[in-house]
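S.K.: 3D, please:
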Amino acid sequence: MKIFAHRGYCGLYPENTMIAFNKAHEAKSDGIELDVQLTKDGEVVIIHDEKVDRTTDKTGLVCQYTYAELHTLNAAVHFPLITPFAPIPTFEEYCQWVKTTDLITNIELKTGIIYYPELEQKVIEILKEHKLFDKVIISSFNPLSLVITQRINPNLPLALLVEEHGLVNAGYLCKQFGFSYYHPNSKEMTKEGVEECNKHGIEVNIWTANTKEELTHCSSIGAVGIFTNYPKEMREIIHTL
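M.R.: Next up is the predicted model:
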């Protein structure tokens, strides 16, 4: 199974920061999962929540800040022993770095609560600039974002993300829309669900496996990859299965 570091190595380092991404690479992850949104002035930035409250030292919506303002927020506020400060990175900054590695990047378009006009276009333009089309997966909880991405570039691999309750006949649905992957929750996915996806040529990457039990479950049902907060620890466990 491939190991994707969920928001970077977020179990031990501040999530969705360059520190967490670098540590994930050092831990020999196969890939990195990250989340993108737009600032008030249209900059693509990497942050999970629509609000900055949980992960930084300020409050409010990401889209209420310009990038210059957002750049002053401390995304490492809860990790003072790791670093006194880490900024919210731009997607451009990440791509400059990741193109020097062999990592696959799973880019989650955060358009399920706030729809950001042109986010798909902006992400694709940055990927094109850095020649990363062959090293990415685009995912979203909003399937319409995947459809828009497909219209812009029909060759990008797309992944349907679903909430914890999952989706029956997910493989059939993904095939109808030309999606390559299905990304369900680890607790709800079954061997039968994976087999249904595989029957339609759809591969399954599962979120979020952080324990030996969860990893063993994902392996036993035939998942091709996992998203985990602890890539180094999960890599060590995989070798024992």
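
S.K.: for stretch 150-157, which positions count as buried?
M.R.: By neighbour count with 16 or more other CB atoms under 10 Å, stretch 150-157 contains the buried residues 150, 156, 157. All C-beta atoms are positioned from the backbone trio N, CA, C, and that covers glycine.

S.K.: contact partners for the nearest residue to the last one once chain neighbours are set aside?
M.R.: Spelled out, that is residue 157. Spatial nearest neighbour of residue 157, excluding adjacent residues (CB to CB, 6 or more residues apart in numbering): residue 180 at 4.3 Å. For residue 180, the contact set (CB atoms under 8 Å, 6 or more residues apart in numbering) comprises 137, 157, 158, 159, 174, 202, 203.

S.K.: before we move on, the earlier item: export the buried residues of stretch 150-157 to CSV and tack on pLDDT and secondary structure?
M.R.: Formatted as CSV, the buried residues of stretch 150-157 follow (pLDDT from 0 to 100; DSSP: H, G, I helix; E, B strand; the rest coil):
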residue, pLDDT, secondary structure
150, 98, helix
156, 98, coil
157, 98, coil
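
S.K.: before we move on, back to that, most neighbours out of the contacts of residue 180, which is it?
M.R.: For the contacts of residue 180, the largest number of neighbours (other CB atoms under 10 Å) sits with residue 174, at 25 neighbours.

S.K.: ok, which stretches of the chain are helices?
M.R.: 18-26, 67-70, 91-98, 119-129, 143-152, 170-177, 191-199, 212-221, 231-238 (DSSP state H).

S.K.: could you give me the buried positions within the second one?
M.R.: In this case it means helix 67-70. Residues of helix 67-70 classed as buried: 67, 70 (neighbour count, 16+ other CB under 10 Å).

S.K.: alpha carbons only: can I get it in CSV?
M.R.: The C-alpha coordinates for helix 67-70 follow below in CSV (Å, rounded to 0.1, in the frame of the first residue of the first chain):
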residue,chain,number,x,y,z
TYR,A,67,-2.4,36.6,1.4
ALA,A,68,-0.2,39.3,3.0
GLU,A,69,-2.5,39.2,6.0
LEU,A,70,-2.7,35.4,6.2
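
S.K.: show me what contacts the residue most central in space within the chain?
M.R.: Centroid-nearest residue in the chain: residue 33, 2.9 Å away (criterion: CA atoms, centre = their mean). Residues counted as contacts of residue 33 (CB under 8 Å, 6+ apart) are 4, 5, 6, 7, 105, 106, 108, 207, 227.
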